[in-house]
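Engineer: A predicted structure for the sequence below; I have some questions about it.
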Amino acid sequence: MEYIPVPNTAQLEFVFNWGGQVCQNVLHYVKASPWTITNLEELCGAAIGEYVSQFNINNPTNMSLTMVRATDLSSQNGPVYESSDTLPATGSNGSPSLPNNCAVVVTKRTALRGRSYRGRIYHMGLTEGSVTENQVLAASMTGILSRWTTLLALPLTADEALMCVVSRYNNNAPRTTGVATLVTNLTSDGFIDSQRRRLPGRGQ
């Protein structure tokens, strides 16, 4: 299949060890000019700093952020940068962790409608103290949305990286060039969902 480039856009992967299983969350960022290896290094550093400061106090003690990887999507052979600086960073929430498949969906919304302009984050690291029956507690859900909102924009030395939704297909047909649309806000219904690939032995 022919590669579909997405100009000025980088993929950012958060890689975790959660109870011995490798799990990931993937975001996308766009900026005004092409990505360089220096920009990707800065993106990784900013992402690690923001994630650790915002999320770790709420993550369970059996979950650690181990690496962040940034990949330029503008070409098939674009630069990639991996960082484990200051990592691993282990959660400090003493409440027992829910099983690895449990997640709450955070919806990435843009100014446009349609499947090409929506995205999802399967937020991991839920604990028993943050849920009741099949739903995340309202206060916990407010905190989750607030923390992901801090990642909507990440500062670079000479630019700013903005979270976006990437679309490479339209009506099931491949685009010639992928489209990156800025995320304007994040929402969630608060119901617990499932990511089966995060169960031990199912994922990476």
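Structural biologist: Nice, thanks for sending it over. Numbers count the residues shown, from 1 in each chain.
Engineer: pLDDT weak spots in this protein?
Structural biologist: Low-confidence segments of the chain, defined by pLDDT under 70, are located at 201-204.
Engineer: now the helix or strand harbouring Ile192, how far from the centre of its chain.
Structural biologist: Taking DSSP states H and E as the criterion, Ile192 maps to strand 192-194. What separates the centre of strand 192-194 from the centre of its chain is 16 Å, taken as Cα atoms, centre = their mean, to the nearest Å.
Engineer: Sheet partners, orientation included, of that strand?
Structural biologist: strand 102-109 (antiparallel) (DSSP bridges).
Engineer: Alpha carbons of the strand it pairs with, as CSV, please.
Structural biologist: Taking Å, rounded to 0.1, in the frame of the first residue of the first chain, the C-alpha atoms of strand 102-109 are listed here in CSV:
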residue,chain,number,x,y,z
CYS,A,102,-10.4,-1.1,31.5
ALA,A,103,-10.3,2.4,29.9
VAL,A,104,-12.4,5.5,29.6
VAL,A,105,-12.7,7.0,26.1
VAL,A,106,-11.7,10.7,25.8
THR,A,107,-13.0,12.0,22.5
LYS,A,108,-10.9,14.5,20.5
ARG,A,109,-13.2,17.0,18.9
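Engineer: Same question for it: list its buried residues.
Structural biologist: Cys102, Ala103, Val104, Val105, Val106, Lys108 (16 or more other Cβ atoms under 10 Å). (Each C-beta comes from the backbone N, C-alpha and C, glycine too.)
Engineer: outside of the helix or strand following that strand, which residues touch it?
Structural biologist: Moving toward the C-terminus from strand 102-109, the next helix or strand (DSSP H and E) is strand 118-123. The contact list for strand 118-123 (Cβ atoms under 8 Å, 6 or more residues apart in numbering) reads 25, 27-28, 103-110, 144, 148, 165-166, 183, 186, 193, 195.
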